[in-house]
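Trainee: Here is the input, now give the coordinates:
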Amino acid sequence: MKIGYQVYSARADAERDLKGTLKAVKEMGYDGVELAGLYGHSAQEFRDALDEAGLTAISAHVPLKEICQDMFKTISDYKLIGCKFIAVPYTDAECRPGGPKFAKTIADMTKFGRLCREAGMQLLYHNHDFEFERISGMYGLDFIYAAIDADTLKTEIDTCWVKYAGEDPATYIKSYCGRAPIVHLKDFVGQKGESNPYALIGMKDDAVRDANTFEFRPVGYGCQNFVDIVDAAKQAGAEWVIVEQDDSTARTPLEDAKLSIGYLKSIGL
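Mentor: Residues are numbered from 1 along each chain as shown. All right, here's what the predicted structure looks like:
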């Protein structure tokens with residue numbers, strides 16, 4: 001099981017100096033990266049920067065709206081970059097389980113997932129906490145995975161949001177054994193309801209952030225039990241664990257990235 005890094009975590013650095021950022025990530029010991037946008041570069045330019053840094057392109061977060069604008073181009077671009085996986089990173093409120101456009105969301109993901117398979121790629125769905133509302137007696141996230149067959153859609157379980165929603169990440173990962181090729185490792189402090197975590201990452205609402213409550217942290221520096229989480233990921237058959245930190249406060253994103261991989265190496269990864 002290899003360790004990857006979500007470039008979104010250092011998005012300002014990548015926007016300013018993509019090649020330098022990727023080289024820094026490689027020097028820390030990361031094996032690959034997950035993308036969330038191309039930061040003004042073409043697919044070929046991004047591929048060249050990855051090759052120069054010696055990093056594997058693991059996967060890409062691509063919003064469903066963008067995917068649906070041109071499914072074939074999405075596949076073509078990210079296959080050129082070298083990604084094996086494409087992940088739907090979130091859905092708008094109206095497209096989420098129970099929303100008026102949820103049925104269309106399921107249909108769109110099913111269609112795109114099948115196209116990915118035909119191209120030798122795999123579609124994933126990346127959760128937040130808002131899929132942990134119940135629909136038809138089960139969590140919305142489980143409903144999504146039940147509605148689309150496992151060959152067409154696999155999981156990308158974000159352990160921060162599972163914990164934040166009140167579930168145990170290790171237990172939840174193991175419930176998707178054989179369907180969990182990538183697991184997101186993300187740490188934090190705080191509890192649900194204390195403040196608005198999405199205000200930190202540009203998804204603002206009317207809630208007021210209390211700087212003394214919710215805060216993203218480097219892996220191993222918050223409330224998560226990563227010994228159990230990593231063991232669960234191994235049991236589930238994960239190929240990659242990916243470090244993601246939506247926001248850095250006390251240090252720069254790359255300083256936090258170094259702390260995260262240092263911790264993971266210290267527990268045997």
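Trainee: Contact partners for residue 60?
Mentor: 34, 35, 36, 78, 81, 83, 85, 86, 87 (C-beta atoms under 8 Å, 6 or more residues apart in numbering). Using the backbone N, CA and C atoms, a C-beta is placed for each residue, glycine as well.
Trainee: sorry, that was for residue 123
Mentor: For residue 123, the contacting residues are 85, 86, 87, 88, 109, 112, 113, 116, 117, 152, 153, 154, by C-beta under 8 Å, 6+ apart.
Trainee: Just grab the bridge partners of it for me.
Mentor: residue 86, residue 153 (DSSP bridges).
Trainee: where do the strands sit along the stretch 101-250 of the chain?
Mentor: With DSSP state E, counting those that start in this stretch, the ranges of strands along the stretch 101-250 of the chain come out as 122-126, 134-135, 138-139, 153-158, 182-185, 187-189, 215-217, 240-243.
Trainee: What distance do you get for residue 61 to residue 135?
Mentor: To residue 135, residue 61 is 24 Å away according to C-beta to C-beta, to the nearest Å.
Trainee: Among those two, which residue is more densely surrounded?
Mentor: residue 61 (21 against 17; other C-beta atoms under 10 Å).
Trainee: In CSV: the contacts of residue 123, plus pLDDT, distance to residue 162 and neighbour count.
Mentor: Formatted as CSV, the contacts of residue 123 follow (pLDDT from 0 to 100; distance: C-beta to C-beta, whole Å; neighbours: other C-beta atoms under 10 Å):
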residue, pLDDT, distance to residue 162, neighbour count
85, 98, 19, 22
86, 98, 21, 26
87, 98, 16, 25
88, 98, 17, 25
109, 98, 20, 23
112, 98, 24, 23
113, 98, 22, 23
116, 98, 24, 24
117, 98, 26, 14
152, 98, 22, 17
153, 98, 18, 24
154, 98, 16, 21
